[in-house]
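Next one to model:
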Amino acid sequence: MEGIRKINHNHITKEDLINPICILGMPGIADVGKFALDSLIGQLNAKNLMDIIFDDYPAGAIVDDSILSAPKAEILYWNDPNKLRDIMLITADAQSLTPKGIYKISNFLTDIIHQYGIKLIIALGAYPVSSRKLNSKLPKIFASSTNREILEKYMNGNNCEKIQKGVIIGANGLIPTLAKARFNIDGLVFLAETDNLAMINEDITDLKASIILLEMLKKSFTLPIKKKYSIENIENITKNLQIKRDQLEKDLDNLNIIDADDKRKSLYI
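This is a model prediction of the structure:
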(Lines give C-alpha, C1' and ligand atoms only; values in the text may rest on other atoms or scores of the structure.)
Protein backbone atom coordinates (compact mmCIF):
# COMPACT_ATOMS: atom_id res chain seq x y z
CA MET A 1 0.00 0.00 0.00
CA GLU A 2 1.37 3.42 -0.99
CA GLY A 3 3.04 5.30 1.85
CA ILE A 4 3.37 2.22 4.07
CA ARG A 5 6.56 0.21 4.48
CA LYS A 6 6.61 -3.15 6.28
CA ILE A 7 9.81 -4.36 7.96
CA ASN A 8 9.68 -8.06 8.88
CA HIS A 9 11.58 -9.39 11.89
CA ASN A 10 10.18 -12.93 12.10
CA HIS A 11 8.30 -15.17 9.71
CA ILE A 12 5.20 -17.01 10.87
CA THR A 13 2.03 -18.15 9.13
CA LYS A 14 -1.48 -18.51 10.47
CA GLU A 15 -0.82 -22.25 10.77
CA ASP A 16 1.82 -21.40 13.40
CA LEU A 17 -0.79 -19.79 15.66
CA ILE A 18 -3.27 -21.63 17.89
CA ASN A 19 -6.74 -20.08 18.26
CA PRO A 20 -5.21 -16.58 18.03
CA ILE A 21 -6.71 -13.34 19.28
CA CYS A 22 -5.45 -9.79 18.74
CA ILE A 23 -4.98 -7.20 21.50
CA LEU A 24 -4.25 -3.64 20.45
CA GLY A 25 -3.54 -0.42 22.31
CA MET A 26 -2.72 2.75 20.42
CA PRO A 27 -1.59 6.13 21.78
CA GLY A 28 -4.51 8.21 22.99
CA ILE A 29 -6.00 9.88 26.04
CA ALA A 30 -3.52 9.53 28.95
CA ASP A 31 -1.89 6.74 26.88
CA VAL A 32 -4.01 4.27 28.85
CA GLY A 33 -4.28 1.67 26.10
CA LYS A 34 -0.67 2.00 24.96
CA PHE A 35 0.80 1.65 28.46
CA ALA A 36 -1.35 -1.44 29.07
CA LEU A 37 -0.24 -2.94 25.76
CA ASP A 38 3.44 -2.09 26.29
CA SER A 39 3.29 -3.64 29.77
CA LEU A 40 1.64 -6.76 28.37
CA ILE A 41 4.36 -7.06 25.71
CA GLY A 42 7.03 -6.98 28.41
CA GLN A 43 5.20 -9.40 30.69
CA LEU A 44 4.68 -11.95 27.93
CA ASN A 45 8.14 -11.41 26.43
CA ALA A 46 6.40 -11.14 23.07
CA LYS A 47 8.41 -11.53 19.87
CA ASN A 48 8.54 -8.79 17.24
CA LEU A 49 6.83 -9.90 14.06
CA MET A 50 7.06 -6.67 12.05
CA ASP A 51 7.37 -2.88 12.17
CA ILE A 52 5.26 -0.62 9.97
CA ILE A 53 6.47 2.82 8.91
CA PHE A 54 3.78 5.13 7.58
CA ASP A 55 4.21 8.54 5.95
CA ASP A 56 1.23 9.96 7.88
CA TYR A 57 2.92 9.50 11.25
CA PRO A 58 4.50 12.62 12.82
CA ALA A 59 7.50 13.88 10.84
CA GLY A 60 10.33 13.41 13.29
CA ALA A 61 12.75 10.87 14.71
CA ILE A 62 12.45 9.24 18.13
CA VAL A 63 15.62 9.15 20.23
CA ASP A 64 16.00 6.32 22.74
CA ASP A 65 19.35 5.78 24.49
CA SER A 66 21.00 7.89 21.75
CA ILE A 67 19.55 5.70 18.97
CA LEU A 68 17.30 7.22 16.29
CA SER A 69 14.21 5.51 14.92
CA ALA A 70 11.20 6.51 12.85
CA PRO A 71 7.70 6.56 14.38
CA LYS A 72 6.15 3.19 13.64
CA ALA A 73 3.46 0.66 14.39
CA GLU A 74 4.62 -2.62 15.89
CA ILE A 75 3.11 -6.08 15.57
CA LEU A 76 4.29 -8.73 18.01
CA TYR A 77 3.15 -12.22 18.91
CA TRP A 78 3.10 -14.56 21.89
CA ASN A 79 2.82 -18.34 21.74
CA ASP A 80 0.86 -19.70 24.69
CA PRO A 81 2.96 -22.44 26.37
CA ASN A 82 -0.32 -24.13 27.36
CA LYS A 83 -1.40 -24.09 23.69
CA LEU A 84 -4.79 -22.59 24.53
CA ARG A 85 -4.66 -19.21 22.80
CA ASP A 86 -1.84 -17.39 21.02
CA ILE A 87 -1.89 -13.59 20.91
CA MET A 88 -1.01 -10.94 18.34
CA LEU A 89 -0.23 -7.57 19.94
CA ILE A 90 -0.38 -4.26 18.07
CA THR A 91 0.68 -0.80 19.19
CA ALA A 92 2.28 2.32 17.71
CA ASP A 93 4.43 5.30 18.64
CA ALA A 94 1.75 7.73 17.45
CA GLN A 95 -1.63 8.02 15.80
CA SER A 96 -1.81 9.10 12.17
CA LEU A 97 -2.07 12.86 11.71
CA THR A 98 -5.17 12.88 9.46
CA PRO A 99 -8.52 11.04 9.36
CA LYS A 100 -7.56 9.62 5.95
CA GLY A 101 -4.32 8.34 7.43
CA ILE A 102 -6.11 6.69 10.35
CA TYR A 103 -8.39 4.88 7.90
CA LYS A 104 -5.45 3.84 5.74
CA ILE A 105 -3.31 2.37 8.51
CA SER A 106 -6.39 0.79 10.14
CA ASN A 107 -7.30 -0.97 6.90
CA PHE A 108 -3.69 -2.13 6.49
CA LEU A 109 -3.57 -3.56 10.01
CA THR A 110 -6.98 -5.16 9.50
CA ASP A 111 -5.62 -6.98 6.43
CA ILE A 112 -2.77 -8.40 8.52
CA ILE A 113 -5.12 -9.45 11.33
CA HIS A 114 -7.26 -11.30 8.78
CA GLN A 115 -4.19 -12.85 7.14
CA TYR A 116 -3.28 -14.58 10.41
CA GLY A 117 -6.71 -16.09 10.95
CA ILE A 118 -7.63 -14.05 14.02
CA LYS A 119 -11.30 -14.26 15.08
CA LEU A 120 -11.40 -11.78 17.96
CA ILE A 121 -9.88 -8.30 18.45
CA ILE A 122 -9.65 -6.60 21.86
CA ALA A 123 -8.86 -2.88 21.77
CA LEU A 124 -7.78 -0.99 24.91
CA GLY A 125 -8.14 2.72 25.61
CA ALA A 126 -9.43 5.45 27.92
CA TYR A 127 -12.91 6.74 28.76
CA PRO A 128 -12.71 10.33 30.06
CA VAL A 129 -15.12 11.34 32.83
CA SER A 130 -15.34 14.40 35.06
CA SER A 131 -13.22 14.37 38.23
CA ARG A 132 -16.27 14.30 40.52
CA LYS A 133 -17.53 11.11 38.84
CA LEU A 134 -14.15 9.35 38.75
CA ASN A 135 -13.79 6.32 41.01
CA SER A 136 -10.39 6.98 42.59
CA LYS A 137 -10.03 3.49 44.09
CA LEU A 138 -11.14 1.21 41.28
CA PRO A 139 -11.72 2.72 37.82
CA LYS A 140 -14.66 1.36 35.86
CA ILE A 141 -14.25 -0.24 32.46
CA PHE A 142 -16.64 0.83 29.71
CA ALA A 143 -17.23 -1.71 26.97
CA SER A 144 -18.56 -1.90 23.43
CA SER A 145 -18.47 -4.61 20.78
CA THR A 146 -19.34 -5.56 17.23
CA ASN A 147 -21.16 -8.61 18.62
CA ARG A 148 -23.73 -8.36 21.42
CA GLU A 149 -23.29 -11.96 22.60
CA ILE A 150 -19.52 -11.56 22.97
CA LEU A 151 -20.05 -8.26 24.77
CA GLU A 152 -22.27 -9.93 27.37
CA LYS A 153 -19.82 -12.81 27.80
CA TYR A 154 -16.78 -10.68 28.60
CA MET A 155 -18.59 -8.05 30.67
CA ASN A 156 -19.60 -10.56 33.34
CA GLY A 157 -17.53 -10.15 36.51
CA ASN A 158 -15.23 -7.49 35.04
CA ASN A 159 -16.54 -4.28 36.67
CA CYS A 160 -17.75 -3.28 33.20
CA GLU A 161 -20.47 -0.94 32.03
CA LYS A 162 -21.83 -0.74 28.50
CA ILE A 163 -21.16 2.31 26.34
CA GLN A 164 -24.64 3.27 25.21
CA LYS A 165 -23.74 6.07 22.75
CA GLY A 166 -20.73 8.03 21.60
CA VAL A 167 -17.74 7.95 19.25
CA ILE A 168 -14.43 6.13 19.77
CA ILE A 169 -11.83 8.23 18.00
CA GLY A 170 -8.79 6.74 16.27
CA ALA A 171 -7.54 3.29 15.38
CA ASN A 172 -8.61 1.70 18.69
CA GLY A 173 -12.25 1.98 17.61
CA LEU A 174 -11.80 1.84 13.85
CA ILE A 175 -9.78 -1.38 13.54
CA PRO A 176 -12.37 -3.64 15.25
CA THR A 177 -15.16 -1.95 13.27
CA LEU A 178 -13.43 -2.38 9.90
CA ALA A 179 -12.46 -5.96 10.74
CA LYS A 180 -16.10 -6.82 11.39
CA ALA A 181 -17.35 -5.06 8.25
CA ARG A 182 -14.70 -6.50 5.93
CA PHE A 183 -13.94 -9.96 7.33
CA ASN A 184 -16.61 -10.68 9.97
CA ILE A 185 -13.97 -10.66 12.72
CA ASP A 186 -15.57 -9.89 16.09
CA GLY A 187 -14.24 -7.02 18.15
CA LEU A 188 -14.35 -5.73 21.72
CA VAL A 189 -13.34 -2.29 22.96
CA PHE A 190 -12.53 -1.82 26.66
CA LEU A 191 -12.04 1.75 27.88
CA ALA A 192 -10.91 2.41 31.45
CA GLU A 193 -12.25 5.59 32.99
CA THR A 194 -9.77 8.44 33.44
CA ASP A 195 -9.88 12.14 34.30
CA ASN A 196 -11.18 14.19 31.37
CA LEU A 197 -8.39 16.71 32.02
CA ALA A 198 -6.22 14.24 30.08
CA MET A 199 -8.02 15.35 26.90
CA ILE A 200 -6.45 18.81 27.13
CA ASN A 201 -3.19 17.96 28.94
CA GLU A 202 -1.01 15.54 27.02
CA ASP A 203 1.41 15.22 29.96
CA ILE A 204 -1.15 13.26 31.99
CA THR A 205 -0.76 9.50 32.16
CA ASP A 206 -3.09 7.24 34.12
CA LEU A 207 -1.32 4.08 35.22
CA LYS A 208 -4.23 2.99 37.41
CA ALA A 209 -6.55 2.92 34.38
CA SER A 210 -3.98 0.92 32.39
CA ILE A 211 -3.48 -1.59 35.20
CA ILE A 212 -7.22 -2.16 35.64
CA LEU A 213 -7.30 -3.15 31.95
CA LEU A 214 -4.37 -5.54 32.50
CA GLU A 215 -6.15 -7.15 35.44
CA MET A 216 -9.27 -7.60 33.32
CA LEU A 217 -7.20 -9.27 30.56
CA LYS A 218 -5.47 -11.52 33.07
CA LYS A 219 -8.80 -12.68 34.46
CA SER A 220 -10.63 -13.08 31.14
CA PHE A 221 -7.83 -14.74 29.16
CA THR A 222 -5.74 -16.41 31.92
CA LEU A 223 -2.58 -14.50 31.02
CA PRO A 224 0.66 -14.84 33.05
CA ILE A 225 0.78 -11.24 34.30
CA LYS A 226 2.92 -10.79 37.42
CA LYS A 227 1.62 -9.32 40.66
CA LYS A 228 3.83 -6.22 40.34
CA TYR A 229 1.39 -4.98 37.71
CA SER A 230 -1.57 -4.60 40.05
CA ILE A 231 -3.71 -1.90 41.63
CA GLU A 232 -2.08 -2.68 45.01
CA ASN A 233 1.35 -1.65 43.67
CA ILE A 234 0.28 1.42 41.71
CA GLU A 235 2.02 3.85 44.09
CA ASN A 236 5.45 2.23 43.57
CA ILE A 237 5.01 2.15 39.80
CA THR A 238 3.93 5.80 39.71
CA LYS A 239 6.86 6.82 41.93
CA ASN A 240 9.41 5.07 39.70
CA LEU A 241 7.90 6.64 36.58
CA GLN A 242 8.05 10.11 38.15
CA ILE A 243 11.73 9.64 39.02
CA LYS A 244 12.48 8.78 35.39
CA ARG A 245 10.53 11.81 34.17
CA ASP A 246 12.31 14.13 36.58
CA GLN A 247 15.69 12.83 35.37
CA LEU A 248 14.65 13.33 31.74
CA GLU A 249 13.61 16.93 32.41
CA LYS A 250 16.92 17.55 34.18
CA ASP A 251 18.86 16.13 31.22
CA LEU A 252 16.93 18.32 28.79
CA ASP A 253 17.58 21.43 30.87
CA ASN A 254 21.30 20.67 30.81
CA LEU A 255 21.30 20.31 27.03
CA ASN A 256 19.81 23.77 26.41
CA ILE A 257 18.99 22.75 22.86
CA ILE A 258 15.21 22.98 22.92
CA ASP A 259 13.40 26.23 23.69
CA ALA A 260 11.62 26.03 27.04
CA ASP A 261 8.27 26.95 25.47
CA ASP A 262 8.54 24.17 22.90
CA LYS A 263 10.15 21.48 25.04
CA ARG A 264 7.00 19.62 26.02
CA LYS A 265 5.57 19.68 22.53
CA SER A 266 8.76 18.38 20.93
CA LEU A 267 8.86 14.99 22.63
CA TYR A 268 6.99 11.70 22.50
CA ILE A 269 7.81 9.97 25.77
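
in the stretch 151-269 of the chain, what spans have low per-residue confidence?
Counting by pLDDT under 70, the stretch 151-269 of the chain contains low-confidence ranges at 157-158, 196-205, 227-269.

wait, Gly3 sits on Ile53?
No - under the criterion of C-beta atoms under 8 Å, Gly3 makes no contact with Ile53, lying 9.3 Å away. C-beta here means a position set from N, CA and C on the backbone, and glycine is covered the same way.

end-to-end on stretch 35-54?
For stretch 35-54, the first-to-last residue distance is 21 Å (C-alpha to C-alpha, to the nearest Å).

pLDDT (mean, whole number) over that stretch?
For stretch 35-54, mean pLDDT rounds to 93.

how much space between the residue lying closest to Leu191 once chain neighbours are set aside and Asn79?
In this structure, Leu191 finds its nearest non-sequential neighbour in Tyr127, 3.7 Å apart by C-beta to C-beta, 6 or more residues apart in numbering. Counting by C-beta to C-beta, to the nearest Å, the separation of Tyr127 from Asn79 is 32 Å.

the more surrounded of the two?
Using other C-beta atoms under 10 Å as the criterion, Tyr127 and Asn79 rank with Tyr127 on top: 23 against 17.

surely the more buried one meets Val189?
No - in this structure, Tyr127 is not within contact of Val189 by C-beta under 8 Å, at 9.7 Å.

in a helix, that's where Lys208 is, yeah?
Yes - under DSSP: H, G, I helix; E, B strand; the rest coil, Lys208 falls within a helix.

Now that it has come up, it's in contact with Pro139, right?
Yes - between Lys208 and Pro139 there is a contact at 6.0 Å, judged by C-beta under 8 Å.

Tell me which of those two has more neighbours.
Set side by side, Lys208 and Pro139 show more neighbours around Pro139, with 26 against 22, by other C-beta under 10 Å.

Surely the more buried one is in a helix?
No - in this structure, Pro139 is coil, not part of a helix, as judged by three-state DSSP.

my read: it touches Phe190, true?
No - at 11.3 Å, Pro139 does not count as touching Phe190 under the criterion of C-beta under 8 Å.

what about Leu97, how many residues close to it?
Leu97 has 14 nearby residues by other C-beta under 10 Å.
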